[in-house]
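Chemist: pasting the sequence and the predicted coordinates here, then a few questions.
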Amino acid sequence: MLVGEQLAMGKSMYLDVFDHSGPLSAGMYWLLSMISGRSPILPRILALVLVLLQASIFNNICNRFKVYEESNFVPSLLYTLGMSLFFEMQILSPELLGLSCLMMALYYCIEHITSRERNDEIVIRMGLMLGLATLFHPIFFFFFLGIFIMMIFFSNTIVRRYAVILYGFSIPIFLAGLYYFWKDAGTNFIHFFITENIKSITPMFNSLVVWSQYLPLIGALLLFSVFGQIKALSTWHMNNRQTLITITMISQLVVGTLITILLRPKNPHDFIILVPWLAFFIPFYFFRFRRKWLSEVFFGILILGMIVPGVLLDAAYWAPNQRLEKQAYLLKETNLPAIKDKNILVLGEDLSPYWEARADLAYIGWQSLAADLKNDKKIAQYRILASFGKQLPEVIIDQKEVMPELENRVPKLKAQYVRNGNTYQLKN
């Protein structure tokens, strides 16, 4: 929302606005801000439309390429319910935007590896979609690597077509980089979009601790997906096409799992990239039951297992509330001095104050400024000085107690603000 607001004011991404968001995500937020401002209605509607579109593409993949013994709508149902497990599905996150392109890339990938008559057009479309997904969020680069490596080992694609895939993938990345270098923001584009996102990889142990907070929500989906994988690999008599598709899905599940384990910070919408791959394997478990009534019983248990936890969490903050700190993701009322319609800067993760105020500083997210404060290079110092040299925030809310470090970087701030607790107000 904040990024879109700044861009709607005529500012340029990575030149006047510093944030880790991908170029296409920023462009989407700019468009939404131009159309509906801060209203959440349009983004929520668009998020729902994207989920339904992705579910349709996913179901089409399963039915057209005859993944299961019979055509059905179970994959799309599981996909939609899986997405609804996380209340941030209503947010138009970069992961959700990029997942739409990834579903199209997956469709082209499967069409390529299962077709007898292969052509370069399908391959370049696949690379192009993966490149576009990466411009929404850089984590999709790893899905590109997963597909690329899978094709090397499990398909008989000729060498020339690997070059075509790389060409298709590089086209949108190259054009985006060329645009920002033309806008004199190429260095910042590389720093914020590429370098800082690579640094977001965190130790695996710490991530596994965070994972435990979300197990109550994804437990049923994860459990039945494991059952489906075991059933598919042990009892399912697959033809060559089904084997290739299953290997593709397993490779993407491995990539998605590694990403969600290692990515920092953890948010509910980070886990939606697991939903397609988990939803793919679940039908294998149910379609192998000899007694159909037993299959229906277990399917009902799965559906309840995916719906009930979310309902209980909303109703009573289920077992216990501390395991899923839901309040951390919701806007809170602020007990701060009057900040309505003022230009403020929040030094911390809690962005609630921005709901009543505005952000005119180049640094939108706290992570972007924190990274530059830790960076001793001249370019980082220049970005900080240039940002505070244009216009000073009327209020600075220091949640991380880093204002002294910021004052060392920008000495003029010491004489410009009056401190009141963790709040700094600009002198008249």
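Modeler: On my side now, so go ahead. Residues are numbered from 1 along each chain as shown.

Chemist: contacts and neighbour counts: CA atoms only from here.
Modeler: OK.

Chemist: where does the closest residue to Y424 other than its chain neighbours land on pLDDT?
Modeler: Ranked by CA to CA, 6 or more residues apart in numbering and with sequence neighbours excluded, the top spatial neighbour of Y424 is I396, at 5.0 Å. I396 carries a pLDDT value of 85.

Chemist: next structured bit after the strand or helix carrying A380?
Modeler: For A380, the host element (DSSP states H and E) is helix 378-390. Next helix or strand after helix 378-390 toward the C-terminus (DSSP H and E): strand 395-398.

Chemist: please save the CA atoms from that next one in PDB.
Modeler: The C-alpha coordinates for strand 395-398 follow below in PDB (Å, rounded to 0.1, in the frame of the first residue of the first chain):
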ATOM      1  CA  VAL A 395       7.300  12.300  13.600                       C
ATOM      2  CA  ILE A 396       9.800   9.400  13.900                       C
ATOM      3  CA  ILE A 397       8.600   6.400  15.900                       C
ATOM      4  CA  ASP A 398      11.600   4.400  17.100                       C
END
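
Chemist: for that strand, packing partners?
Modeler: Applying 3 or more CA pairs under 8 Å, 6 or more residues apart in numbering; DSSP states H and E, we find strand 395-398 packed against strand 344-347, strand 423-426.

Chemist: name every strand pairing with that strand and say which way it goes.
Modeler: strand 344-347 (parallel), strand 423-426 (antiparallel) (DSSP bridges).

Chemist: determine which of the ones you listed approaches M28 most closely.
Modeler: strand 344-347 (23.5 Å; CA to CA).

Chemist: contacts for the closest one?
Modeler: 353-354, 357-361, 366, 393-400, 402 (CA atoms under 8 Å, 6 or more residues apart in numbering).

Chemist: sketch out the low-pLDDT regions of the stretch 101-250 of the chain for me.
Modeler: 200-237 (pLDDT under 70).

Chemist: could you do the stretch 301-428 of the chain as well?
Modeler: For the stretch 301-428 of the chain (pLDDT under 70), the answer is 305-338.

Chemist: could the helices and strands packed on strand 395-398 go into TSV alongside mean neighbour count and distance to P276?
Modeler: Shown next, in TSV, are the helices and strands packed on strand 395-398 (neighbours: other CA atoms under 10 Å; distance: least, CA to CA, whole Å):
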stretch	mean neighbour count	distance to P276
strand 344-347	24	36
strand 423-426	18	44
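
Chemist: dump those into JSON lines; add distance to W182 as well.
Modeler: Shown next, in JSON lines, are the helices and strands packed on strand 395-398 (distance: least, CA to CA, whole Å):
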{"stretch": "strand 344-347", "distance to W182": "29"}
{"stretch": "strand 423-426", "distance to W182": "36"}
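
Chemist: nearest to L278, of those strands?
Modeler: Among the helices and strands packed on strand 395-398, if distance is taken as CA to CA, the winner is strand 344-347, at 37.3 Å.

Chemist: point to the residue nearest the middle of the chain.
Modeler: E95 (2.5 Å; CA atoms, centre = their mean).

Chemist: tell me who's in contact with the spatially closest residue to that one that is not a sequence neighbour.
Modeler: In space, and not counting its chain neighbours, E95 is closest to H137: 6.3 Å by CA to CA, 6+ apart. Contacts for H137 (CA under 8 Å, 6+ apart) come out as 21-22, 25, 94-95, 98.

Chemist: repeat for D398
Modeler: Taking CA under 8 Å, 6+ apart as the test, what D398 contacts is 346-348, 422-424.

Chemist: and the furthest pair within those residues?
Modeler: Maximum distance among the contacts of D398 (CA to CA): 14.0 Å, for G348 and Y424.

Chemist: host element of V67?
Modeler: Using DSSP H and E, no helix or strand contains V67.

Chemist: apart from its neighbours in sequence, what residue is nearest it?
Modeler: Using CA to CA, 6+ apart, the nearest residue to V67 is Q242, at 5.6 Å.

Chemist: quickly note the distance from that neighbour to R125.
Modeler: 22 Å (CA to CA, to the nearest Å).

Chemist: which helices and strands does whichever strand or helix holds E407 pack with?
Modeler: Element membership of E407 [criterion: DSSP H and E] is helix 403-409. Contact here means 3+ CA pairs under 8 Å, 6+ apart; on that basis helix 403-409 packs against helix 366-373, helix 378-390.

Chemist: go through the last one and flag the buried ones.
Modeler: Applying a neighbour-count criterion of 16 or more other CA atoms under 10 Å, one finds 380-381, 383-384, 387-388 buried in helix 378-390.
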